[in-house]
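*Asks:* Provide a 3D model corresponding to the input given below.
(one chain, ligands or ions: 1)
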Amino acid sequence: MASEIMLSDIRTEVEATSNDCKLYKQICEEKEYDFDQTIKGSNLDEIPYVNWNYFKESNKKFQELLRIPYNELSYWTISSSTSGDPSLVGRDAEDIEVFKNNYRKVFEEYSKMRLIKRLILFAPSIEFMNKMPGSWLGKRGFLFYRDIADIWKNYEIDYLLKFKVWKVLLYLISHFKAKAFIEINGKLMVKSLKEVEHQKTPTLIANSVPLMYQNFVDYYKKHKKGFNMPETFRIQLGGGGWNGIKGRVKLEHKIDKVDFMEKMSGFFNIPYDNITDNYGATEVPIACGGHWSKNYEDFLFHIDKDEAYIIIRDIENLERIKKTKEPGIIEVLTPYGVKSYAGVAVMLDDIVEIVDFNKCVECGREGLVFRITGRMTPEIGKGCSSFTNLFPFK
Ligand SMILES: [Zn+2]
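*Replies:* Residues are numbered from 1 along each chain as shown. Now for the predicted structure:
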């Protein structure tokens, strides 16, 4: 269950948000919400929530969700959207620090961040992300992911995604619009993996499920062998992508989680425990670490009872589901990291099942345990294959 202190902080933050944000006040008035009531685990679902759609660029409501004067806004944090319609969340410096700390905690607890010496990322460099264009209402926007990658800035990092600048230029000249040409740096991938294998460097390889899966499977097919990694070698997944779609990447097929675990564990000769997942979203500051469960053949995610709470809602009527093992839409409630925008209660587009309300029987962690079973928003893959070369070992 959620901690008493946090529930009381949620009550304060709901009222403060309604005072700061006209749009949220409207939502509260429509629900005739009573701000004076004590918040308990049992009435969390009565708290007015903001639907994830409100953050979408196309709905033009994102600026109305701000709680702070416009000049205090650091920048928009934006999601890397496959559909071309990103979420835009305005945050100030303090809120940015809160979500970075939440992610740092997960990296430390689940991926032993402090012991890691080297990072291999299926992502473009921070330098590139800093240069990516994008501003809204005169304020700069940066990928939410950029701030998460920034947590690792003092590590030795190999960025495997690169952008073909000359192709971008040619395309710009002929089409008069910007389009990213991304590809995987296959040579760098092999070089860094071989170095890690020989030098036994404690290394974390992270980010995209579809990019990792396809490239390592292709490499194995071509070379008929994987890597004999040290026991300090770890994989940190970025939550989602099992349908083969993540960011600009689109595979032709879904990825089976059991197959992924078998192949990755075999390819690197590492135990399943060295592969962890992380659930979060641009619209909320929380980060939930996850470990593999042989029992569920899935990742189980944990939420810290002092940090946030989740409830799930029926897909048809949005009523709260109070049972375990029934799928519903996830709503995240947290009073921390939402001082700059109306994020105290946000409904996201993921469908999850609560595995246990109190404790994980597999790892012993206290608090709510859930797993992700689907997604509401249909994902229209925009990663047109002619613009990408993401699978160099095919
Ligand atoms: Zn657990």
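*Asks:* give the buried residues for stretch 280-297.
*Replies:* In terms of neighbour count (16 or more other Cβ atoms under 10 Å), stretch 280-297 has its buried residues at 280-293. In short, each C-beta sits where N, CA and C put it, glycine included.
*Asks:* turn the residues you listed into CSV, columns for secondary structure and distance to Lys60.
*Replies:* Rendered in CSV, the data for the buried residues of stretch 280-297 read as follows (DSSP: H, G, I helix; E, B strand; the rest coil; distance: Cβ to Cβ, whole Å):
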residue, secondary structure, distance to Lys60
Gly280, strand, 25
Ala281, strand, 20
Thr282, coil, 17
Glu283, coil, 16
Val284, strand, 21
Pro285, strand, 23
Ile286, strand, 26
Ala287, strand, 28
Cys288, strand, 30
Gly289, strand, 35
Gly290, strand, 34
His291, strand, 40
Trp292, strand, 41
Ser293, strand, 41
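*Asks:* okay, now the unreliable bits of the stretch 151-300 of the chain?
*Replies:* Counting by pLDDT under 70, the stretch 151-300 of the chain shows low-confidence ranges at 165-181, 239, 246-250, 252.
*Asks:* now the strands for it?
*Replies:* Read by DSSP state E, counting those that start in this stretch, the stretch 151-300 of the chain holds these strands, from start to end of the chain: 156-159, 161-163, 182-184, 203-207, 234-237, 245-246, 249-250, 275-281, 284-293, 298-302.
*Asks:* centre-most residue in the protein?
*Replies:* Within the chain, one residue has its C-alpha closest to the average C-alpha position: by Cα atoms, centre = their mean, that is Gly280, at 3.9 Å.
*Asks:* which single residue of the stretch 201-350 of the chain ends up nearest the ion?
*Replies:* When distances are taken as Cβ to the ion, the stretch 201-350 of the chain reaches nearest to the ion at Leu300, 5.0 Å away.
*Asks:* can you redo the strands of the stretch 151-300 of the chain as a markdown table, where the extra columns are distance to Arg114?
*Replies:* Supplementary listing: those in a markdown table, determined by distance: least, Cβ to Cβ, whole Å:
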| stretch | distance to Arg114 |
| --- | --- |
| strand 156-159 | 15 |
| strand 161-163 | 26 |
| strand 182-184 | 29 |
| strand 203-207 | 11 |
| strand 234-237 | 12 |
| strand 245-246 | 28 |
| strand 249-250 | 30 |
| strand 275-281 | 15 |
| strand 284-293 | 15 |
| strand 298-302 | 20 |
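*Asks:* of all these, which lies closest to Thr17?
*Replies:* With Cβ to Cβ, the closest approach to Thr17 among these belongs to strand 284-293: 13.8 Å.
*Asks:* now name the helix or strand holding whatever residue of the stretch 51-200 of the chain ends up closest to the ion.
*Replies:* Sorted by distance to the ion under Cβ to the ion, the residues of the stretch 51-200 of the chain start with Tyr110, at 10.2 Å. Taking DSSP states H and E as the definition, Tyr110 sits inside helix 93-111.
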